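I'll drop the sequence and a predicted model, then ask my questions.
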Amino acid sequence: MSPMIRRPIVALVAHARQVPALDRERFASRLRAEAQPRTLVLETCHRVEAYTTRTDDEQLNELASLVPVGAHVLSGDIAVRHAVSVAAGRDSVVIGEDQILHQLREALEAARTSAALEPEVDRLFALALNAGRRVRSWRSSRQRSLGDVALEAVERMVGPVRGHDVLVVGAGQMGGLIARAAATAGASVTIANRSIARARAVAAATGGVAAEIDPGDDVTRFVAVFVALGGPWTVAAPTVGSLVSSGAVVADLSVPRAVPQALADGLGGRLLTADDLAVREVDETRGDRQPDPRSDELIERTVQAFLDWEARGDARAAADALVRRADLEREAELAALWRKLPALEPEAREAIEGMTRHLAARLLRQPLERLGRGGDGVDERAVRDLFAL
């Protein structure tokens, strides 16, 4: 067996700071249709990213052809550092937010379930998720969410929401985050959702009230409307007209945008989208909004841990080959023994098999340990020569 081929990590990165939502949606569709089956794809409200490996420049060019204008193709150490930074929350609109860690974990599990991931990608994200959990364990106060950012952006336009009515359309995770942020700020919160039962559950958890998905003329009492849906917000013309004339600000955090075009046109500058929140200046001056200074050091340690693991690739391949060779030889000898002793009792066969496994493990322990320590490749080449691997 020849030495392991080096396969650098490649990351295709499309973020709302540079790539608009519609282009990110198209990019995600292309990834689902054209990306390699062993690729990890991460989709959030602000980013679409894909992680895989490459073996040559031709493959890198093929990957680059998938990305939209404004997106980036990262390779090698830069791609590794980006992945770890994403998991640590350093590349999020809200530094250190929790959602990205959950979304990364789901993306990793989905990729592992649908197809065997490239071992390099699997190892990278195992390390990255561990770093992300470590960073969040250092927090000493409630972590801000994208719901807090959306509320702050709206308050800059309409003033404090304390003592006012706000409407949250959507009772999923994002809707719940917005409802909690608004309730904490002193607003009276109404939750509207396609499922009124789900709206009631979120309302009960946040001290709000539940309502139907189309509020009708009642929409005029809200100073702000937050929309977080996994599909279009279908409302009748009277609701659109009332909301446009009311002067309320609408923050649509759905990707793609959920508000109907007629409402978007009527609102004009009173409509905030998820992309708007990604590119606006966010007040991060308070101490609890600054990244923990330890996170940069942890990111670099995690990157180095992956690079060290990657550098031992030839030794890992040699170790795997050695174990496989030992197993093949052991099984061949046992098969010959069973032919000579066909009447051997099952218990005796099991004992002999166990003994041969134990003996092989003892004989291989020292060479495997030396291979595991890596080094300059001398041990790896010696093992391959000695065992004709």
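Sure, I can see it.

What ranges in the stretch 151-300 of the chain fall below the confidence cut-off?
Along the stretch 151-300 of the chain, segments meeting pLDDT under 70 span 280-291.

Now do the helices for it: every range, in order, please.
In chain order, the stretch 151-300 of the chain shows helices spanning 173-184, 196-206, 237-246, 261-267, 274-279, 293-311, with DSSP state H, counting those that start in this stretch as the criterion.

Highest mean neighbour count out of these?
With neighbours taken as mean count of other C-beta atoms under 10 Å, these reach their highest mean count in helix 173-184, at a mean of 23. (Glycine included, C-beta is placed from N, CA and C.)

looking at the helices of the stretch 151-300 of the chain, which is closest to residue 107?
The closest approach between residue 107 and any of these, judged by C-beta to C-beta, belongs to helix 173-184 at 15.3 Å.

Tell me which other helices or strands the closest one touches.
When contacts are defined as 3 or more C-beta pairs under 8 Å, 6 or more residues apart in numbering; DSSP states H and E, helix 173-184 packs onto helix 146-158, strand 165-169, strand 188-192, helix 196-206, strand 222-227.

Report the angle between that helix and strand 188-192.
160 degrees (axes from the mean of the first three to the mean of the last three C-alpha atoms, to 10 degrees).

re the thing from before, switch the helices and strands packed on helix 173-184 over to TSV; also include distance to residue 176.
What follows is the helices and strands packed on helix 173-184, written out as TSV (distance: least, C-beta to C-beta, whole Å):
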stretch	distance to residue 176
helix 146-158	8
strand 165-169	9
strand 188-192	9
helix 196-206	5
strand 222-227	11
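
okay, the ones you listed, which one's buried deepest?
Highest mean neighbour count of these: strand 165-169, a mean of 27 (counted as mean count of other C-beta under 10 Å).

Now do the SS call for the most centrally placed residue in the chain.
The structure's the chain has its C-alpha centroid closest to residue 104; by C-alpha atoms, centre = their mean the separation is 2.1 Å. When classified by DSSP: H, G, I helix; E, B strand; the rest coil, residue 104 comes out as helix.

you'd agree it is up against residue 130?
No - under the contact definition of C-beta atoms under 8 Å, residue 104 does not touch residue 130, with a separation of 11.4 Å.

So which of the helices of the stretch 151-300 of the chain is nearest residue 160?
Shortest distance between residue 160 and the helices of the stretch 151-300 of the chain, using C-beta to C-beta, is found for helix 173-184: 11.1 Å.

mind checking how far residue 9 is from residue 118?
When C-beta to C-beta, to the nearest Å is the yardstick, residue 9 and residue 118 sit 9 Å from each other.

Revised request: answer the last question for residue 299.
Distance from residue 299 to residue 118, counting by C-beta to C-beta: 22 Å.

again, but for residue 43
Relative to residue 118, residue 43 is positioned 19 Å away (criterion: C-beta to C-beta).

Which residues are in contact with residue 196?
Contact partners of residue 196, counting by C-beta atoms under 8 Å, 6 or more residues apart in numbering, are 210, 212.

change the start of the numbering to 817 and stick with it
Okay, residue one is now 817; in that scheme the one you just asked about reads as residue 1012.

re earlier: let me know which of the helices of the stretch 967-1116 of the chain is the nearest to residue 939.
For those, proximity to residue 939 was assessed by C-beta to C-beta; helix 1109-1127 is nearest, at 6.0 Å.

Looking at the helices of the stretch 967-1116 of the chain, which is nearest to residue 1034?
Using C-beta to C-beta and comparing these, the one that lies nearest residue 1034 is helix 1053-1062, at 8.4 Å.

counting contacts, what elements does that closest one pack onto?
With contacts defined as 3+ C-beta pairs under 8 Å, 6+ apart, helix 1053-1062 has these neighbours: helix 1077-1083.

now the helix it packs on: how far from the chain's centre is it?
Between the mean C-alpha point of helix 1077-1083 and the mean C-alpha point of its chain there is a distance of 32 Å (C-alpha atoms, centre = their mean, to the nearest Å).

Over to stretch 1004-1015?
Relative to the mean C-alpha coordinate of its chain, stretch 1004-1015 is positioned 28 Å out (C-alpha atoms, centre = their mean).

Endpoint to endpoint, it covers what distance?
With C-alpha to C-alpha, to the nearest Å as the measure, stretch 1004-1015 spans 15 Å from end to end.

swap in stretch 1047-1059?
As for stretch 1047-1059, its first-to-last residue distance stands at 20 Å under the measure C-alpha to C-alpha.

Over to stretch 1049-1058?
Taking C-alpha to C-alpha, the span from the opening residue of stretch 1049-1058 to its closing residue is 15 Å.

who touches that stretch?
Looking at what lies outside stretch 1049-1058 - C-beta under 8 Å, 6+ apart - the contacts are 985, 1029-1033, 1035-1036, 1043, 1068, 1070, 1074-1076, 1078-1079, 1082.

Please identify which helix or strand holds residue 827.
Under the criterion DSSP states H and E, the helix or strand holding residue 827 is strand 825-831.

now that strand against helix 1109-1127, angle please.
Here strand 825-831 points in a direction 140 degrees away from that of helix 1109-1127 (the same axes, to 10 degrees).

rewinding a little: please list only the buried members of the contacts of stretch 1049-1058.
Under a neighbour-count criterion of 16 or more other C-beta atoms under 10 Å, the subset of the contacts of stretch 1049-1058 counted as buried comprises 985, 1029, 1031, 1035, 1043, 1068, 1070, 1074, 1075, 1076, 1079, 1082.
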